[in-house]
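Q: Okay, here's the prediction I keep looking at, along with the sequence it came from:
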Amino acid sequence: MFDQVKKLGMNAVVVHVRPFGDAFYPSGRFPWSKYISGTQGKNPGFDPLAYMVEAAHDRELKFHAWINPFRVSSGTTDANSLAKNNRARKYMTSDLKEQQRRVLTFGGSLYYNPSEIVVRLLIRSGVLEIVENYDVDGIHFDDYFYPTLGANYANNFDAPEYKIYVNKAKKNGVKVLSIQDWRRDNINKLVRTIYKAVKSVDEDLVFGISPGGFLDYLVMDDRYYCDIETWLSKPGYVDYIAPQLYWSFNHSRFPYDKTLDRWLKLRTNKDVKVYVGIAVYKAGSKEDTQWKSDTKILAKQIDYGRKTGEVDGFIYFRHDFFFKNATKKGVNNLLKLLD
């Protein structure tokens, strides 16, 4: 795969190393991922992360370790589906209510509780475990922060912790944040903590986040709680933002060009780079007429980004779609532009 990436002319790989509170490396904090050995907690007998970092650097590729910070499971809330040494399972089966609240059930899935200091410290220690033990070039967070909580957002998920916060704030005469701003602050605390931890190991290491590109949704009161305006305007949060602009120019709600312009306008801290997420997997798809019939759409997206003079690079999702028949025509036109 990395040989192919090099031939494509890329200069970096962004590789999952912790998709579900697990690890693609021997960890003292998270169980082995089922995506490595087939069973969560099972040792595959080698260190995939060590191998991948070395393989990337042998080919002069940067290696960014991709983490989903709060996801524990998808499609199941059964603690027994988790490895016995999974901290989430230990929290869920604890006799202490305080520990049980560190993992939350929502929408048929499990999440670490973003409002818990212990959880944020666990995520921080997991990041430090990577950057201290492996020669990675960066840490990359995906857009899985809070789930979409719906109309009852003020009363579900971590609402009990919010009530505790409100009572304490009132008691101490501190201004009370709305539940949505409190949740954004929880995420901001994590982001600042990770940025500081990464830089404490090596100033040259970078930390970036790849939120969904749908700006209007990111600022809603019932989901995500990504404070992108702060991240793009103030120091101490991220080195880069990689919005997933996975739409055509003709999309009715989020046309590629106009949406990119909006993202770039938010970036007032010029030390924060903007890398545009490109949906290679949609080339030739039936999502809309442009994706289906315009074989130059990927090339046009890169060309538009370059012409803004403000885009710092592109991240392509994902490797295998550079080699599928359905995407071939779009990819071939893209590669002509990248030569």
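A: On my side now, so go ahead.

Q: what sits against the nearest residue to Ser248 once chain neighbours are set aside?
A: Using Cβ to Cβ, 6 or more residues apart in numbering and skipping the chain neighbours, the partner closest in space to Ser248 is Gln290 (4.0 Å). To be clear about C-beta, it is placed using only N, CA and C from the backbone, and glycine gets the same treatment. By Cβ atoms under 8 Å, 6 or more residues apart in numbering, Gln290 lies in contact with 248-250, 297.

Q: How about the backbone phi and psi for Gln290?
A: Dihedral pair for Gln290: phi -70, psi -40, per degrees, to the nearest 10.

Q: what ranges do the strands span in this structure?
A: Using DSSP state E, the strands of the chain run over residues 12-18, 62-67, 71-73, 103-106, 109-112, 138-141, 206-209, 240-241, 273-279, 313-317.

Q: Present those as JSON lines; the columns should include mean pLDDT, mean neighbour count and distance to Tyr165.
A: Listed next are the strands of the chain as JSON lines, based on pLDDT from 0 to 100; neighbours: other Cβ atoms under 10 Å; distance: least, Cβ to Cβ, whole Å:
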{"stretch": "strand 12-18", "mean pLDDT": "98", "mean neighbour count": "21", "distance to Tyr165": "28"}
{"stretch": "strand 62-67", "mean pLDDT": "98", "mean neighbour count": "21", "distance to Tyr165": "26"}
{"stretch": "strand 71-73", "mean pLDDT": "97", "mean neighbour count": "23", "distance to Tyr165": "23"}
{"stretch": "strand 103-106", "mean pLDDT": "98", "mean neighbour count": "21", "distance to Tyr165": "16"}
{"stretch": "strand 109-112", "mean pLDDT": "98", "mean neighbour count": "22", "distance to Tyr165": "18"}
{"stretch": "strand 138-141", "mean pLDDT": "98", "mean neighbour count": "23", "distance to Tyr165": "24"}
{"stretch": "strand 206-209", "mean pLDDT": "98", "mean neighbour count": "22", "distance to Tyr165": "24"}
{"stretch": "strand 240-241", "mean pLDDT": "98", "mean neighbour count": "23", "distance to Tyr165": "28"}
{"stretch": "strand 273-279", "mean pLDDT": "98", "mean neighbour count": "22", "distance to Tyr165": "33"}
{"stretch": "strand 313-317", "mean pLDDT": "98", "mean neighbour count": "18", "distance to Tyr165": "36"}
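
Q: For those, please prepare a markdown table with the additional fields distance to Val5.
A: Putting these into a markdown table (distance: least, Cβ to Cβ, whole Å) gives the following:
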| stretch | distance to Val5 |
| --- | --- |
| strand 12-18 | 6 |
| strand 62-67 | 11 |
| strand 71-73 | 26 |
| strand 103-106 | 36 |
| strand 109-112 | 31 |
| strand 138-141 | 16 |
| strand 206-209 | 18 |
| strand 240-241 | 19 |
| strand 273-279 | 15 |
| strand 313-317 | 10 |
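
Q: so Gly41 touches Ala88, yeah?
A: No - counting by Cβ atoms under 8 Å, Gly41 sits too far from Ala88 to count as a contact (11.9 Å).

Q: quick one, which of those two is more surrounded?
A: Each of Gly41 and Ala88 has its neighbours counted (other Cβ atoms under 10 Å); Ala88 has more, 24 against 17.

Q: need the contact list for the more buried one.
A: 21, 72-73, 79, 82, 102-103, 110, 112 are the contacts of Ala88 under Cβ under 8 Å, 6+ apart.

Q: what's the closest of the residues you listed to Lys170?
A: For Lys170, the nearest member of those is Arg102. The distance, counting by Cβ to Cβ, is 24.7 Å.

Q: give me every residue that touches the closest one.
A: 88, 91, 112-113, 116, 118-119.

Q: Let me see the backbone angles for it.
A: For Arg102, the backbone dihedrals (degrees, to the nearest 10) come out as phi -80, psi -10.

Q: If anything else comes up later, I'll come back, but that's it for now.
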